[in-house]
Each structure stands twice: as structure tokens, then as C-alpha cells.
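S.K.: Dropping the sequence and predicted coords here.
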Amino acid sequence: MSETPLDYADLFETAPCGYVLADKDGRITRANATFAQWVGSAPEELQGKRFANLLPIAVRIFYESHVAPMLHIQGSVSEIALDILHTNGNKLPMLVNGTALRDDRGQVASLRFAVFTASQRRNYEQTLLHSRNEAQASVLSERAESELREQFIAVLGHDLRNPLASIASGTRMLLKEQLSERGSMILRLIDGSVVRAVGLIDNVLDFARGRLGGGITLTRDDREPLEPVLRQVIAELQTIGPNHQIEAAFSITEAIDCDRVRMGQLLSNLLGNALTHGAKDQPVRVMAEAAGGQLIIAVANGGEPIPATALERLFQPFFRGDGHSRHEGLGLGLHIASEIARAHGGTLTVASDPRETCFTFTMPLARTAQA
Amino acid sequence: MADQEIKATVLVVEDETLVRLYGMDILEDAGFRVLDAGNADEAIAVLQSHDEVALLFSDIDMPGSMNGLELAHLVHDRWPNIRLLLTSGHRQPTQDQIPDDGRFMRKPWGEQALMAKIREILA
């Protein structure tokens, strides 16, 4: 086998990459045919031009301020991504390697560049960049959407409370007037419905805030007594079931360090649940006592016991029992009540047998001792 | 009970008409003289022509140039003798946000709650 001698001139001219030779100032002394063809010139036309002048303005600044100095200092650059201008004005994405050749005294004498087309690689990079931007944009828009949702729920809740407050006020004014038996019964039912709606809105707002990271926030203090708050709740909830007997027994003598509004909401949710699901002909019993270093609030009702399988899931949001009876509300009441208990460092438990179903809130009172 | 109290004048500021009327009803039944306004600007106009007002009972969330908290600050600056009771259904100001040891009552309030607060303030 005889070896064909290498045709170096042809290898230079028609190499699968562009070659550009330049003097120390970057003025082109020679460019190969491949490069000349890429940029749309004849090789001779390129002679004497500055390599930098083949670059778009912005790229030229980058070349002068970064690439050229690195060539002079380090002696080489590699894989520099540059756009090079075709004579028709198009920008060609290229990758450039460069070396500087030095004379005997170590001064840069000339420059050599090898140039590779990079449009596919650049496309790939831009696609990556694009999808990253898109992913970021969609995360941002999801966040904005959930903020919008939170605001929507808050505004809706607030806007619903205003007309409800109006209905409640109007109803209570009318209740003071001389009315027929039927008239005042209807007004009491309207009043009860308003109480239910207000409780529902409170729970939905709390749930929305909890889901969006706000959680249940407490404003605790022991400056005012708790009992009047609880009595007020019982008086309000009585309007939900005017004929349903509610027995209350209180034994709270000490100051309770708690969020009284939240305590009212907890009792309201437990009592609302008992009045809705308990047997109408048996009284609902509310017990609240502070003794032995703890506060206990218990609400018990008679009627069908809750099945053991349902007991475990009772405090989960949107749990609505087996649906055989006329259930009211979203199933958030017990969930919110347990969250309020937890926020106070307490617990909410349930026991159910044929005699009664009893929810018990227990909270340690350690914080209040002569603090 | 109400008969034993000094019958002061109360200014009720509330943008929901029925809620305002209900509050006025309760206070009038208790023997107070009652003035009313539907927003902060109206309230200031009332105060400018009635120097006998002893208590401002105002909602916090109202449309107009000022909310109830801002109104309370302005009233405290210009009429320092007027006592303050604020109410809101969806925000609970801290004690130092309310000027002059004013009181706060959460909405919804009823007759008992309102009268308890009023007695506390005018005691």
C-alpha cells in the first residue's frame, strides 16, 4: 500500500473548519476558502481587514475588551461563542479557538483562529434557556394566581359579611317590635341562618389562610374573662335551633391566657356541630372548667353514635360523614376547631357511644400562673 | 340600669345603614343622645357642629378618604376629650394602634356586647 502524500494546502483551504491568520493587531493576513465561503466573501477580499470588523458591534466590543487581551496575555482562547457577520448582514453563530504566536523576544507576532459553525449548539442552548425562562414564568404565574385566589377569598368573605351584618341588624331591630308569634319565629330563624353563614365564612377564611401558609394566628391575653365570650356564643347559637335545649355549666374562676375570639369560634364550631347532628329531643350540654392546671371545654349531644371508622377522619377538612342525613356546611368546622386547639397547645378529642357523643378540648394552663 | 348613667351624646359612624340603625337603636333605648354619620368625612362635619359629643363609636372599614382608625387619630388630635370605641369584622387592631386608650369590639356585636363596652368606657 502506497501512502498518498498529504496535500497540506488543500487541507488548509477546504478544511471542515474556518482558518483565519492575522497579524498581532488582528489584521487578517489570510483566510481559508471554508471561512470565506461561510461569510460570503472571496478569500482575497478578507485580506487586510481587521478580524474584529467581521463582528457585529456588540460582539466587537466583547472581542476587543476580552478576547484580544486574553490572547495577548494567556496566548490562547478556546470555545469563544461569537456571532460573525455574513456580507449579507446575517449573523452566523460561531465557536472560535485562537492562539497567539510569539517572536524570539516573547512579543506576540501573529494570531491564528480556528472557527466552527455553532448554530445548532446555539439553538440548543437557546431552547434550554427558553424552557428555563418558561418554567420560571409558570412558577411565578402560579404564585401570582394563588395570591389572587387568597385575596379573592378574603375579599369575598369580607364583602359577604357586610350584607350579613345588615340582615342581622335589621332582624334584631324588628325583633324588638310587636310582632305576631309567627312573625317573631321567622325572624329568629333568619337570625339563626345569619349566625350559621357568618360561622361558615370564618371557617372558610381560616381554611384558605391555613392552606396558603398563614395558619391560625392567635392574639392571646388574660385581661378579660372568658366566660362571657362563651355565654355569648351559646346565646347566638341558640338561634340556630331555637327549640333545641342547651344546658351550660361553667366553672372558670381564674384568668385564662388564650385568644378569646378563637375560643368563641372553637365553641361555636363544636356547638354548631352538636345542634346540627345531635338528636333534637335531647339537650346539648356545654361544660367549661379551669381546674388542675388545665382548661376543659366539652360539648356533648345525644343521638346516633358516630361509627368508629368515621371517628378517625372527623377532624380532616371537608369530612361530611356518610351523607345519609341533611348535612350542613363544608365540613370545615371540626377541622378548624382542632386547629385552634393545636394553636393553643391543646388537644381536641372525641368519644362517641349510644349514650352520647362528646367533643373535649383540653389546654394546659401553665402559661397563666402569675405570669 | 341605663337610667343611672349620665346621658351622654354618642356619634355612631358606620357605612352599612342597617348596622348603623341597629347601633343607634340600642344606644337610644339605653337613653343616650345619638348622632350618626355614614363615613369619616360626614363624621367630622357632625363633630364640627356638635361640641357635646362624648364618645365616637366607629366602624374601621369604611369607604371614603379615611378609615375608622385614621378617623380616631384625627378626632383624638382635634377633640381630645372624646372617648373612642372602634369595631371591625375582619381586622383586630392592637391596643397601641388605637389612640387614647380607646377600646375595640369585634363584629358582629349585639346589644349586650355593645352596652358592656360603652359602660366600660364611660365608667
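M.R.: Arrived safely, thanks for sending.
S.K.: Residue nearest the middle of the chain, spatially speaking?
M.R.: Unless you meant another one, I'm taking chain A. A:Arg143 (5.2 Å; CA atoms, centre = their mean).
S.K.: Oops, wrong one, chain B.
M.R.: Nearest to the mean C-alpha position of chain B, counting by CA atoms, centre = their mean, stands B:Phe57 at 0.4 Å.
S.K.: who's in contact with that residue?
M.R.: B:Val10, B:Leu11, B:Val12, B:Val13, B:Gly23, B:Leu27, B:Leu85, B:Thr87, B:Ile118 (CB atoms under 8 Å, 6 or more residues apart in numbering or on different chains). For every residue, glycine as well, the C-beta is placed using N, CA and C.
S.K.: Equivalent analysis for A:Arg172, please.
M.R.: Listed by CB under 8 Å, 6+ apart, the contact set of A:Arg172 reads A:Asp191, B:Tyr22, B:Gly110, B:Glu111.
S.K.: So which of those wins on neighbours?
M.R.: Neighbour count (other CB atoms under 10 Å in any protein chain shown) singles out B:Tyr22 as the most crowded of those, with 26 neighbours.
S.K.: how would you label the closest residue to chain B within the stretch 51-200 of chain A: helix, strand or coil?
M.R.: Across the stretch 51-200 of chain A, the shortest distance to chain B (CB to the nearest CB) belongs to A:Ser169, at 3.4 Å. At A:Ser169, secondary structure determined by DSSP: H, G, I helix; E, B strand; the rest coil is helix.
S.K.: which residue sits closest to it in space, ignoring its chain neighbours?
M.R.: B:Tyr22 (3.4 Å; CB to CB, 6 or more residues apart in numbering or on different chains).
S.K.: following the helix or strand that contains the one you found, which helix or strand comes up?
M.R.: Secondary structure assignment for B:Tyr22, by DSSP states H and E: helix B:17-29. Toward the C-terminus, helix B:17-29 is succeeded by strand B:33-37 as the next helix or strand (DSSP H and E).
S.K.: for that following strand, packing partners?
M.R.: strand B:9-13, helix B:17-29, helix B:40-49 (3 or more CB pairs under 8 Å, 6 or more residues apart in numbering or on different chains; DSSP states H and E).
S.K.: Could I get the buried residue list for the last one?
M.R.: Using 16 or more other CB atoms under 10 Å in any protein chain shown as the test for burial, helix B:40-49 gives B:Ala40, B:Glu42, B:Ala43, B:Ile44, B:Val46, B:Leu47.
S.K.: Make JSON lines out of those and add pLDDT and distance to B:Met66.
M.R.: Below are these laid out as JSON lines (pLDDT from 0 to 100; distance: CB to CB, whole Å):
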{"residue": "B:Ala40", "pLDDT": "95", "distance to B:Met66": "4"}
{"residue": "B:Glu42", "pLDDT": "95", "distance to B:Met66": "11"}
{"residue": "B:Ala43", "pLDDT": "96", "distance to B:Met66": "9"}
{"residue": "B:Ile44", "pLDDT": "95", "distance to B:Met66": "9"}
{"residue": "B:Val46", "pLDDT": "96", "distance to B:Met66": "14"}
{"residue": "B:Leu47", "pLDDT": "96", "distance to B:Met66": "13"}
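S.K.: any idea whether the closest residue to A:Leu267 other than its chain neighbours is helix, strand or coil?
M.R.: Leaving aside its sequence neighbours, A:Leu267 sits nearest to A:Val233 (CB to CB, 6+ apart; 4.8 Å). When classified by three-state DSSP, A:Val233 comes out as helix.
S.K.: Looking at the buried residues of helix B:40-49, spot the one nearest A:Arg209.
M.R.: Lowest distance from A:Arg209 to the buried residues of helix B:40-49 (CB to CB) belongs to B:Ala40, with 28.5 Å.
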